[in-house]
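Visitor: the sequence isn't on hand, but the structure is:
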């Protein structure tokens, strides 16, 4: 689920308690309950506590970080996605079965079900449904409800009736919920006005016979109302709020402090403003009104507190109207993203000139923290920069194998970069006109042969995906193999997805599309979408490699590049001709050439590198001063690659 899950309520009497955050990727400090409880600060994970044990589920990106963060005397790591590791609903279903059998073996007539406590304001509605289904399956497996005339027997129940269990423990040390002011996202970057977006939503509401559309995630709200905020959620230009659209009203639910600016009030003059906490009661009241009320909400991206007040007869559970609009960028959004990546290339050229000079010429080792600070400073000099788009990952040597590593001056893990070790830098910027995300792996000394082999295989996979031409209506998972092929040839792989969507001056991770082995995501890639291309390889305790560009998706034939986001009928076929899509590079940052085994590269792959560097030079150099260190570095880095004689 993208966006922030909101809230302050949970349970006080329970056998088992579940605490995310598994739902949003980045959250305000006030909502980092799982981090407070466990010490694990990764952006994906859920804690489950029973009367006897405590567990943390997280995926392969965070196994290393979780292992080092959790107190093994109290917490057991459950490695999501690993063979033999049950999902949380299935695990709790099995626990409910064991609970029932324990009472049965004791000849206890009071076979009370397992009670699982959950905060409905921080868990997705889809998670609650999966948990309830798991309890039902457990009861069915025990053949408890074969007699339809007998009372229903439950082996597990979900209790969401009481206040959050963690907040009283946290007490006065819990940070305040932020109320950063909204700012207007200019139409020149948004492309569509609020009125145009609302009209598109209402047209779809009519098709679905919905009387109210609910938008729960913060990036959806920001996109819909053409507003942004800095400070509510670090690195994400979004504010804590909900929004609803009916046939005659648009309502924004937020802290009044967020809309005190007169220009923002004028911008939102056609939007009703209500207190943040009113949203649940208002949705319930809408459903309580007779005569065919229907509420359109995406339960996969909504908190349980919202969905639970919508009766089944009133529910339209489907992907909301903003999700596909936001994913397929319009002309203004694409232009802003292109500009952001050119500006980002200039910032990176300045940074790399400094880093190479410091390491190679001055011979000074540079800490990961200093690298983060200097890189952010170079971006901050660029016009329109507001903040980084996610916490910078600057991992030296073995730290690069921790996929979402973040350096800290007070951490025993922090290392310094010298000529002996490689570094992986995954970073990006938020600009008023666009969002960037780029990863490069650098080495300023003599890399080992095995490192060069792995680097070259990652690069070949990157090029292989970049050059793909594929028919429209192709889901992202169908392309994933092209990024992994050369690693697979060597018996190697990586545990994360190959590509994610990216927002336009919004969240750096955005759905619904992606490129990964997760075949359950059947969202097709479309003209106007943006996706990352980031294969990698990681040797625990040794090094990590990743090469990431952002890509724009467009039709192969120029005449097909009608912007579907600006024409509701643009996706409708106007001929029997089959249309094909391709990628166009947005990221404008050179790839280190001396880490490549030229003998492993085909002539076509070498041509790809030269053509890419020629484009980088053409677009970025006008932003740099002639003969400046940044220009010297860029010029050298973009020189044609030296080829071996055939």
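Guide: Yep, it's here. Everything quoted here is computed from the prediction, not taken from an experiment. Residues are numbered from 1 along each chain as shown.

Visitor: show me the shaky parts of the stretch 451-600 of the chain.
Guide: 562-575 (pLDDT under 70).

Visitor: let's go with 50 and repeat that
Guide: Confidence mapping of the stretch 451-600 of the chain against pLDDT under 50 gives the ranges 563-566, 568-573.

Visitor: from the centroid of the protein, which residue is nearest?
Guide: Centroid-nearest residue in the chain: residue 509, 3.2 Å away (criterion: C-alpha atoms, centre = their mean).

Visitor: so how far is residue 213 from it?
Guide: Counting by C-beta to C-beta, to the nearest Å, the separation of residue 509 from residue 213 is 23 Å. All C-beta atoms are positioned from the backbone trio N, CA, C, and that covers glycine.

Visitor: before we move on, back to that, for the residue nearest to the centre of the chain, which non-adjacent residue is closest in space?
Guide: Residue nearest to residue 509 in three dimensions, not counting chain neighbours: residue 500, with 5.2 Å by C-beta to C-beta, 6 or more residues apart in numbering.

Visitor: need phi/psi at the one you found.
Guide: Per-residue torsions, residue 500: phi -130, psi 160 (degrees, to the nearest 10).

Visitor: need the contact list for it.
Guide: 509-511, 514-515, 531-532 (C-beta atoms under 8 Å, 6 or more residues apart in numbering).

Visitor: what about residue 145, which SS state?
Guide: With DSSP: H, G, I helix; E, B strand; the rest coil as the basis, residue 145 sits in coil.

Visitor: do I have it right that it meets residue 138?
Guide: No. Applying C-beta atoms under 8 Å as the test, residue 145 and residue 138 come out as separate, 11.1 Å apart.

Visitor: more crowded one of these two?
Guide: residue 138 (25 against 14; other C-beta atoms under 10 Å).

Visitor: element containing that one?
Guide: Using DSSP states H and E, residue 138 sits within helix 125-141.

Visitor: show residues contacting that helix.
Guide: So helix 125-141 is contacted by 1, 22, 87-90, 92-94, 96-97, 100, 113-114, 116, 118, 120, 145, 153-158, 160, 297, 299-300, 302-304, 306-308 (C-beta under 8 Å, 6+ apart).

Visitor: could you count how many residues lie near residue 626?
Guide: By the measure other C-beta under 10 Å, the count of residues near residue 626 is 7.

Visitor: quick one, domains of the protein?
Guide: Split into domains by automatic domain parsing, the chain comes to 16-173, 182-326, 331-637.

Visitor: looking at the ones you listed, which has the lowest confidence?
Guide: Among the domains of the chain, domain 16-173 carries the lowest mean pLDDT, a mean of 85.

Visitor: quick one: that domain to chain centroid distance?
Guide: Relative to its parent chain, domain 16-173 has a centroid offset of 23 Å by C-alpha atoms, centre = their mean, to the nearest Å.

Visitor: also stretch 340-354?
Guide: Distance of stretch 340-354 from its chain centroid, counting by C-alpha atoms, centre = their mean, is 24 Å.

Visitor: identify the residues contacting that stretch?
Guide: Residues from elsewhere that reach stretch 340-354, judged by C-beta under 8 Å, 6+ apart: 374-375, 378-379, 381-384, 428-429, 431, 433-436, 438, 442, 505, 550, 586-589, 616, 619-620, 623-624, 628-634, 637.

Visitor: out of those, which end up buried?
Guide: Those of the contacts of stretch 340-354 that meet the buried threshold are 374-375, 378-379, 382, 384, 428-429, 431, 433-436, 438, 442, 505, 550, 586-589, 616, 619-620, 623-624, 629-631, 633-634, 637, by 16 or more other C-beta atoms under 10 Å.

Visitor: inside strands: which ones of these?
Guide: 429, 431, 434-435, 438, 442, 550 (DSSP state E).

Visitor: show me which of those residues is closest to residue 537.
Guide: The shortest approach to residue 537 among those belongs to residue 442, at 15.4 Å (C-beta to C-beta).

Visitor: mind naming the longest helix for this structure?
Guide: In terms of residue count, the longest helix belonging to the chain (DSSP state H) is helix 331-356.

Visitor: and it, which residues are buried?
Guide: Applying 16+ other C-beta under 10 Å to helix 331-356 flags 332-356 as buried.

Visitor: same deal with stretch 77-94?
Guide: Neighbour-count burial for stretch 77-94 flags 77-80, 87-93 (criterion: 16+ other C-beta under 10 Å).

Visitor: find the nearest non-adjacent residue to residue 521, please.
Guide: Nearest non-adjacent residue to residue 521, counting by C-beta to C-beta, 6+ apart: residue 514, 5.9 Å away.

Visitor: noted, bye for now.
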